[in-house]
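Engineer: Predicted model follows, preceded by the sequence.
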Amino acid sequence: MEQQDLFDVTVIGGGPAGLYSTFYSGLREMKVKLIEYQPRLGGKIHVYPEKMIWDVGGLTPTTGEKLIEQLVEQGLTFNPTVVLNEKVESITRNEEGIFVLHTASGQVHFSKTIIVAVGGGILNPQKLEIDGAERFEVSNLNYTVKSFNRFKDKTVIISGGGNSAIDWANELEPIAKKVYLTYRKDSLAGHESQSRQLMESSAVCFLNTTITKLIACDDHESIEHVELTNHATGEVSYLPIDEVIINHGYERDTSLLRNSKVDIAIADNYYIEGTPASESSMEGIYAAGDILKHEGKLNLIAGTFQDAANAVNKAKQYIQPDAHGVGMVSSHNEIFKKRNRELIKEMMKPAGVL
Ligand SMILES: Cc1cc2nc3c(=O)[nH]c(=O)nc-3n(C[C@H](O)[C@H](O)[C@H](O)COP(=O)(O)OP(=O)(O)OC[C@H]3O[C@@H](n4cnc5c(N)ncnc54)[C@H](O)[C@@H]3O)c2cc1C
């Protein structure tokens, strides 16, 4: 291992907890690397980019997408090393006490400390089980609602009957030309009030019914009709549509800690049994966000920030025992001096001057 390959902190997971841990590690002048499985940072918020988030302190209602943008910008403040599309499969520790992170592509990463910020694990949407369906993912087969605008004045069919599917149907009903919802069971599985709202709207629900075929338009590039089969009656029907949205839940990969040869206490078969100061049962490994469990844990985005700052402060003291237990507040922190001068200069510019 070359010296330049050794990091002070390696953060696993690029959701809110991982991004804030990365920012705060920079604030505490540590060399930090962030590793994320997905091709993009932002974590679980990508499941609800169009939703309004009201409960992050200091932020007036902000869409998930906007919050991701701001979290990422903040997370990258100190130019951390960021590795995307990389799954950390296991953690070991070598004879010198350095942690070694082994990834799915066969890479190894070396770090003095680790912050585990993997949330509920790696989430991938359950795909529609129809051969060849994936070719429509570039056109009109959707697994998430990234932008309501995409569905404006369109005929949309949503497959699924849980909270998210019903929620999307309710949100799209006033925007789309027509919303259909199809669900394999005989009653919807969402909250009663949401289901009632849907039933009282112009949306049409097909129960006991699944999409059994996707029929392409002449150029074979997009879906023009869906074949629906009612499993109670055996009836088959064809519906012309503009967009198909699948919400069949998520597959979850939670194997990281099980595969790792480090002795960390686990709660409920998955979570890191930690302390309110974000320590795991192993020195040098800390946790932040939804993966961390302790008395008083707040499973909100707001809670991830406290976990992250605590985890970073503990990592700092582990590497440098005489370091302060907490970082200097940002408003008095020398590390921002130069940037503050630039920002103030920017603010002092008269309006209209570019
Ligand atoms: C529909 C919905 C709505 C919500 N609304 C709100 C709300 O309004 N307000 C609020 O405060 N909270 C809300 N939440 C909860 C909030 O999204 C989570 O609490 C928050 O995202 C947790 O952040 P995290 O960083 O701990 O985990 P995540 O956001 O889950 O991020 C974990 C990241 O780790 C990555 N990862 C996992 N395993 C590995 C691995 N082995 N290697 C590399 N990378 C890995 C994942 O790909 C993911 O990007 C909502 C959640 C959902 C599902």
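Structural biologist: Sure, I can see it. Numbers count the residues shown, from 1 in each chain.
Engineer: Going along the chain, name the helices of the stretch 101-250 of the chain.
Structural biologist: Per DSSP state H, counting those that start in this stretch, the stretch 101-250 of the chain carries helices over the ranges 163-172, 192-199.
Engineer: relative to helix 192-199, how tilted is the first one?
Structural biologist: On the basis of axes from the mean of the first three to the mean of the last three CA atoms, to 10 degrees, helix 163-172 is oriented at 40 degrees to helix 192-199.
Engineer: Show the contacting residues for the residue lying closest to residue 130 once chain neighbours are set aside.
Structural biologist: Nearest residue to residue 130 in three dimensions, chain neighbours excluded: residue 214, at 6.0 Å (CB to CB, 6 or more residues apart in numbering). Yep, even glycine has a C-beta here, placed from its N, CA and C like the rest. Residues counted as contacts of residue 214 (CB atoms under 8 Å, 6 or more residues apart in numbering) are 128, 130, 132, 133, 136, 141, 223, 226, 227, 244.
Engineer: If we use 7 Å, what do you get?
Structural biologist: Counting by CB atoms under 7 Å, 6 or more residues apart in numbering, residue 214 touches 130, 133, 136, 223, 226.
Engineer: what does residue 6 give?
Structural biologist: Counting by CB under 7 Å, 6+ apart, residue 6 has contacts 98, 110, 112.
Engineer: Nearest residue to the first one in space, please, no chain neighbours.
Structural biologist: By that I understand residue 98. Nearest one to residue 98, counting by CB to CB, 6+ apart, is residue 110 at 5.3 Å.
Engineer: And for the one you found, the neighbour number?
Structural biologist: 18 (other CB atoms under 10 Å).
Engineer: my read: it touches residue 97, true?
Structural biologist: No: under the criterion of CB atoms under 7 Å, residue 110 makes no contact with residue 97, lying 11.1 Å away.
Engineer: what's the average pLDDT for the longest helix seen in the chain?
Structural biologist: Longest helix of the chain, by residue count under DSSP state H: helix 301-319. Across helix 301-319, pLDDT averages out at 98.
Engineer: what about residue 67, neighbour count?
Structural biologist: By other CB under 10 Å, the residues close to residue 67 number 21.
Engineer: Chain neighbours aside, what residue packs nearest to it?
Structural biologist: Nearest residue to residue 67 in three dimensions, chain neighbours excluded: residue 53, at 5.6 Å (CB to CB, 6+ apart).
Engineer: didn't residue 280 look like it was pressed against residue 286?
Structural biologist: Yes: under the criterion of CB under 7 Å, residue 280 makes contact with residue 286 at 6.3 Å.
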